[in-house]
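Engineer: coords please:
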Amino acid sequence: MTPFGQKLRELREARGISLKSMAHAIGVSPAYLSALEHGRRSAPTWYLVQRIITYFNVIWDEAEELERLAAVSRPKVSIDTGGLSPVVTRAANLFAQNADKLTEEEAEMIVRVFLSKHGAP
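Structural biologist: Here you go, the predicted structure:
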């Protein structure tokens, strides 16, 4: 599950909305919406995120959170380290080879390091 998919499911379930009903209302198939929630689809387009924001009638902070989460919810990531230093290339490769072995705590620690140095996307 991606961060966006998790938030989407939380919003939908908190409001008692079925997946089928929401999918119909925002113009996608229930299968697509389910795949989006489970991280089996790429990050949603900006237009779809806007339809979801409108559907839930969220504003300000919650709308911005959905946009931020969509930006970091690609289940398949490619990193081009061409032109970067060897240590950055090594770090990217080690992360790619070991991402599935990270604990939740380790992943949170990495996220905190990136956010403290570079801010939220």
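
Engineer: pLDDT at residue 72, what is it?
Structural biologist: Per-residue confidence (pLDDT) for residue 72: 89.

Engineer: okay, now the domains of the chain?
Structural biologist: Under the assignment automatic domain parsing, the domains of the chain span 3-71, 86-118.

Engineer: I'd like those domains written out as JSON lines, with distance to residue 80 and mean neighbour count added.
Structural biologist: Yep, even glycine has a C-beta here, placed from its N, CA and C like the rest. Output for the domains of the chain, formatted as JSON lines (distance: least, C-beta to C-beta, whole Å; neighbours: other C-beta atoms under 10 Å):
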{"stretch": "domain 3-71", "distance to residue 80": "17", "mean neighbour count": "16"}
{"stretch": "domain 86-118", "distance to residue 80": "9", "mean neighbour count": "10"}
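
Engineer: Make TSV from the ones you listed and add distance to residue 78 to it.
Structural biologist: As requested, these are exported to TSV (distance: least, C-beta to C-beta, whole Å):
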stretch	distance to residue 78
domain 3-71	12
domain 86-118	9
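
Engineer: Alright, calling it a day.
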